[in-house]
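Chemist: sequence and predicted structure, then a few things I'm wondering about:
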Amino acid sequence: MAVTSFASIQSDTRTEILGRVLPPLYRKYRLLPMLNASSIDGEPSGKRSIPRRDAIAAAYPDVEGAEPGPGVAIPYDTAIELTPVGMIQRVPLTMKAIRRINPGLTRDAAIAALESGSAESIPLMAHAYELSIDAHLRAAEIAALTLESSLSRSVGTANTVLSAAVLLDAMTTYRAGDVADSVDGAPSNDDLVFVLDAIGVGQMMNILQTGTGTGLAALWGNASADVSVGTTLDPVSGASNTWGGIPIVAADSALQIKDVNTRYGMLIARGSGETGAPGSTRGFAEFCEGHPLTVEFERSKLSDVVDVISRWEFVVGEHTDLHGLRVRYKLTLT
């Protein structure tokens, strides 16, 4: 993700700021790094168009002495169109707040640091970048999690604790593909990830520890229970070990889609690169950037406030229903 600033910030200062801010922020948002990513900055259409090609029928016997049939042109369905939407966040900082961030810094020195973009502004700038970037990443993660509602297939039952059987059902249902469609058949991407949350992971740990609920869970119902499904959280990827060879990623419970008694997780295919580009893998959704995140600073001498104004243009859209399904489980731990 490119980030620019229209303040007079020296490039080495900006690099240090981003080095401090971005890694911990990305650890908060689990789903975004697993989406295909593209940018249409500078393109005139303002839309990202992704061709959607259907499969052709299976080959048929070659009859000696007879010409094959007319053949079938590669069939294309309606293209997927993604239109980025501009997002904005404003964080007003008073000069008094700025001086609290920089203990011992005088007011004149704080103003001079802001106007020059010198190294003295790093603590202030890091704080401002963190607030601004976090607001935009949160909006993008919510948009990605909301795609759960567009997935037609689902497993699990509303207001019911998650079980090993439900996760097994999810794996089987995903890999079976669209059994009603003889053309599409099974999905093309099998690089899968469970997107749950801390409550969902906790429900699985509880089943393993108590050894109740299903025959599979009973295998762990002893003093040497393997509950690593929730105890080896990777701080970078967010993966809490695996289930059936599939990583489990715990999304932010506050951002996860839910209703009065049910949470909605997902089993999705992980995407990489720009969809359709050489070497890329099509996942269940794509993050398309209209223009990079920009952070601007504007100081009002009358109000004695520095406005941190950030803008980002993006959209998140589903690629194919075959590359994901929803997982329903209870809102509370038990």
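Modeler: Nice, I can see it. Residues are numbered from 1 along each chain as shown.
Chemist: per the record, what domains does the protein have?
Modeler: As given by automatic domain parsing, the domain ranges for the chain are 3-52+79-146+287-316, 152-285+320-330.
Chemist: which stretch among the ones you listed comes nearest residue 67?
Modeler: Nearest to residue 67 among these is domain 152-285+320-330 (24.5 Å), distances taken as CB to CB. The C-beta positions use only the backbone N, C-alpha and C, and glycine is treated the same way.
Chemist: in this structure, which spans are helices?
Modeler: Using DSSP state H, the helices of the chain run over residues 11-28, 95-101, 107-116, 122-146, 164-176, 198-210, 215-218.
Chemist: related to what we said a few turns ago, and of the domains of the chain, who's closest to residue 65?
Modeler: Checking the domains of the chain against residue 65 by CB to CB gives domain 152-285+320-330 as the closest, at 29.6 Å.
Chemist: residue 206: what's it in contact with?
Modeler: By CB atoms under 8 Å, 6 or more residues apart in numbering, the residues touching residue 206 are 161, 333-334.
Chemist: only the buried subset of the residues you listed, as a ChimeraX command please.
Modeler: Listed next is the ChimeraX selection for buried residues among the contacts of residue 206, using 16 or more other CB atoms under 10 Å:
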select :161
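Chemist: redo the contacts of residue 206 as CSV? Include pLDDT and distance to residue 148.
Modeler: Formatted as CSV, the contacts of residue 206 follow (pLDDT from 0 to 100; distance: CB to CB, whole Å):
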residue, pLDDT, distance to residue 148
161, 92, 19
333, 89, 21
334, 85, 23
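Chemist: burial measure for the residue nearest to residue 50 when sequence neighbours are not counted, as a count.
Modeler: Counting by CB to CB, 6 or more residues apart in numbering, residue 80 is the residue found nearest to residue 50 once chain neighbours are left out, at 4.2 Å. By other CB atoms under 10 Å, the residues close to residue 80 number 16.
Chemist: residue 80 contacts residue 319, correct?
Modeler: Yes - when contacts are counted by CB atoms under 8 Å, residue 80 is listed as touching residue 319 (6.5 Å).
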